[in-house]
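*Asks:* Make a model of this:
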Amino acid sequence: MFCVKCGREGRTYGALCPECFLQSNRFTSIPEYLDLNVCAHCSEYLIGKQWKYYGDEVEAVKDYATENLQARQDGRLYDLEVGVQRMDAKHYQVHLVARLMHDDLEVEETLDTTVRVRRNVCPKCNKIQGNYFESIVQVRPSDRRFSDEEKEQVLNRALDYVRGVAKESREAFIAKVVQEHGGFDLYVSTIALGKGLSRDLVSTYGAEYKESSSLQGQKDGHDIYRVTYLVRLPPYRVRDILLINKRLYMVHSTGPQSAKVRDLKSNEMIVVPNSELREVNVVGTRRDILDAVVLTETEREFQIMHPLTFKTVEIKHPRNFERKGDTIKVFPYDGDLYLIGN
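*Replies:* Coordinates of the predicted model:
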């Protein structure tokens, strides 16, 4: 075989020797100028069809240049070097070295482009700026007001849930939080996020929830609905003291269907359906639990200093309970002290 261009004999590629083939063919290309969009609000960059966060803008420029490099299908790209030089605040000169294989022929090509960084607004931030929402999660207490501490705890739980979902979906965000009727309303971006958040609060706190929808209009021939989820927290929280059938129980954990409570007399753990606790009498909260100094300890009882009267009193030593430190936690009720734990 010989080259039809220079007449050299040997292996040919499309009737051309390697040198003539490489002179006549180029395997890669890139536009002379590339415009990289960065969101002015969240500082994420649009790479391909996705908005991504970069701690270093140079890395975003590298990825964007790589994304826009075009290679012929008959060339297998196996190595790419990308060098970036900053020209000014928003312009970068990018030099690329691409190495490919065409059949058994090794190809090396260099390319240059200028990346211009343009400030823009991503669709997510555009919705946030416009207070866009598809559902409202209304969080309310039952039969008792939220303390500031409780409200902050529940709100932080909701914010953490949304942040977790947002790591997987840019469509997940809270447009605004409004304090309402002893609780608060969360205006969230999608119906699915509102439902998921409501179920998370139900699962975490043993709450109950109801949903209702209202027609907002039509888009592309489809009805557009806005959904409201009312999440009503139970009257008790974890470590609250409940009076059930004249016995005291401490709430150990809560769940979507039931709560686990501990009998403060027998130390026995039982499970009670949430439906049976909606009207329960809460006789104490974690703020009512006190520290008592232990004076002596036997297998059957503790001798402690009463935290209110400072008298020496005895209290039953539960089986398998191991004290940590010089004090134990107790709950005073109706003239008696009940052991809570360490």
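*Asks:* And the pLDDT at the residue nearest to residue 305 when sequence neighbours are not counted?
*Replies:* Excluding the flanking residues, the one nearest residue 305 by C-beta to C-beta, 6 or more residues apart in numbering is residue 293, at 4.6 Å. From N, CA and C alone the C-beta is placed, and that goes for glycine too. At residue 293, the predicted lDDT confidence score is 93.
*Asks:* can you check residue 220 too?
*Replies:* Looking at residue 220, its pLDDT stands at 68.
*Asks:* next one: residue 125
*Replies:* 91.
*Asks:* can you confirm it is in a helix?
*Replies:* Yes: applying DSSP: H, G, I helix; E, B strand; the rest coil, one finds residue 125 inside a helix.
*Asks:* OK, contacts around the nearest residue to it once chain neighbours are set aside?
*Replies:* Spatial nearest neighbour of residue 125, chain neighbours left out: residue 41 (4.0 Å); criterion: C-beta to C-beta, 6+ apart. The contact partners of residue 41, by C-beta atoms under 8 Å, 6 or more residues apart in numbering, come to 121-122, 125, 128-129.
*Asks:* what bridges to residue 105?
*Replies:* Residue 105 has these beta-bridge partners by DSSP bridges: residue 102.
*Asks:* from the contacts of residue 41, which single one is nearest residue 257?
*Replies:* For those, the closest approach to residue 257 (C-beta to C-beta) belongs to residue 128, at 35.5 Å.
*Asks:* just checking, that closest one touches residue 172?
*Replies:* No: when contacts are counted by C-beta atoms under 8 Å, residue 128 is not listed as touching residue 172 (11.3 Å).
*Asks:* residues in contact with the nearest residue to residue 313 once chain neighbours are set aside?
*Replies:* Excluding the flanking residues, the one nearest residue 313 by C-beta to C-beta, 6+ apart is residue 306, at 5.1 Å. Contacts for residue 306 (C-beta under 8 Å, 6+ apart) come out as 292, 312-313, 337.
*Asks:* Save these as CSV, and put in secondary structure and neighbour count too.
*Replies:* CSV is the format used below for the contacts of residue 306 (DSSP: H, G, I helix; E, B strand; the rest coil; neighbours: other C-beta atoms under 10 Å):
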residue, secondary structure, neighbour count
292, strand, 22
312, strand, 11
313, strand, 17
337, strand, 22
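*Asks:* so what are the domain limits for this protein?
*Replies:* 27-122, 131-232, 235-284, 289-342 (automatic domain parsing).
*Asks:* In CSV: these, plus distance to residue 8.
*Replies:* CSV is the format used below for those (distance: least, C-beta to C-beta, whole Å):
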stretch, distance to residue 8
domain 27-122, 15
domain 131-232, 56
domain 235-284, 79
domain 289-342, 88
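*Asks:* For the stretch 101-250 of the chain, which segments count as strands?
*Replies:* With DSSP state E, counting those that start in this stretch, the ranges of strands along the stretch 101-250 of the chain come out as 105-120, 135-140, 174-180, 183-188, 208-219, 222-232, 241-244, 247-254.
*Asks:* Show me the one of these that comes nearest residue 25.
*Replies:* Among the strands of the stretch 101-250 of the chain, the nearest to residue 25 by C-beta to C-beta is strand 105-120 (8.6 Å).
*Asks:* give the contact list for the nearest residue to residue 12 once chain neighbours are set aside.
*Replies:* Excluding the flanking residues, the one nearest residue 12 by C-beta to C-beta, 6+ apart is residue 1, at 4.7 Å. Residues in contact with residue 1 (C-beta under 8 Å, 6+ apart) are 9-12.
*Asks:* Could you pick out the buried ones from these?
*Replies:* Buried members of the contacts of residue 1, counted by 16 or more other C-beta atoms under 10 Å: residue 12.
*Asks:* Go through the contacts of residue 41 and name the one nearest residue 83.
*Replies:* Each of the contacts of residue 41 was scored against residue 83 by C-beta to C-beta, and residue 122 proved nearest at 28.1 Å.
*Asks:* Give me the pLDDT value at that closest one.
*Replies:* For residue 122, the pLDDT comes out at 94.
*Asks:* Next: residue 145.
*Replies:* pLDDT for residue 145: 68.
*Asks:* Three-state assignment for the residue nearest to residue 305, please.
*Replies:* Counting by three-state DSSP, the backbone at residue 293 sits in strand.
*Asks:* So it versus residue 306, what's the distance?
*Replies:* According to C-beta to C-beta, to the nearest Å, residue 293 stands 10 Å off from residue 306.
*Asks:* do the same with residue 19
*Replies:* Residue 19 is 99 Å from residue 306, by C-beta to C-beta.
*Asks:* for residue 36, same thing?
*Replies:* In terms of C-beta to C-beta, residue 36 sits 70 Å off from residue 306.
*Asks:* who touches the nearest residue to residue 150 once chain neighbours are set aside in this structure?
*Replies:* Excluding the flanking residues, the one nearest residue 150 by C-beta to C-beta, 6+ apart is residue 237, at 6.9 Å. Taking C-beta under 8 Å, 6+ apart, we find residue 237 in contact with 150, 205, 251, 254, 285-286.
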